[in-house]
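1. Whatever this is, show me its structure:
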Amino acid sequence: MVQLFYYESRGKCCRKVFSYHGYPAKVLLFPYEGWAQPALVSYWILKTYFWSRSKCKIVEVTGSTKRTTKGKMTDKGKDAMLITGRFKDAKNPDFRMTLTSNVSNADFQQGYCVTGTLERGDKRKSEYQLTHYAMVRRKGYDDKS
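-> Got it, this is the predicted structure:
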């Protein structure tokens, strides 16, 4: 049964996967080893607005602090989604998160339905660097973050 769901949801549009699992979606962020800044346990909460398919509200929770911003969701082909936006008053204000529902079998066995990367930097200078790996857990799995 689990493998059947894996093959049915693999490669689907990320919007369909998120709507199946329900909004708000919790995106777990795991720091990239090459990133030279300290990283606390952090996650994002994505919530879409009912009046727009392309806009979303993003709440970043890092430790005990919360930051909120608006983002733009763009479909990139059949199984990929790009979320872009800007956190005000930050060292690296702009971000670009690429998510895909085409997950590996190992990631699916660990309970993830969507994986991707988070890049932060400056949009004006076109300097982005990979900071985190992004994962979304499947419905029915315990939240171990």
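
2. Please state the offset of stretch 133-142 from the chain centre?
-> Centroid separation for stretch 133-142 versus its chain: 10 Å, with Cα atoms, centre = their mean, to the nearest Å.

3. before we move on, what about stretch 56-71?
-> Distance, centroid of stretch 56-71 to centroid of chain: 12 Å (Cα atoms, centre = their mean).

4. residues of it that come out buried?
-> For stretch 56-71, a neighbour-count test (16 or more other Cβ atoms under 10 Å) marks Cys56, Lys57, Ile58, Glu60, Val61, Thr69, Gly71 as buried. Just so you know, the C-beta spots here come from the backbone N, C-alpha and C atoms, and that holds for glycine as well.

5. Alpha carbons only: can I get the helix or strand containing the third one in CSV?
-> Right, Ile58. In this structure, Ile58 sits in strand 55-62 according to DSSP states H and E. Listed in CSV are the C-alpha atoms of strand 55-62, where the atom choice follows Å, rounded to 0.1, in the frame of the first residue of the first chain:
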residue,chain,number,x,y,z
LYS,A,55,0.9,33.9,-3.5
CYS,A,56,1.7,32.3,-0.1
LYS,A,57,2.4,33.4,3.5
ILE,A,58,5.7,32.0,4.9
VAL,A,59,6.4,31.8,8.6
GLU,A,60,10.0,31.0,9.4
VAL,A,61,10.4,29.5,12.9
THR,A,62,14.0,29.4,14.1
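
6. Thanks a lot, catch you later.
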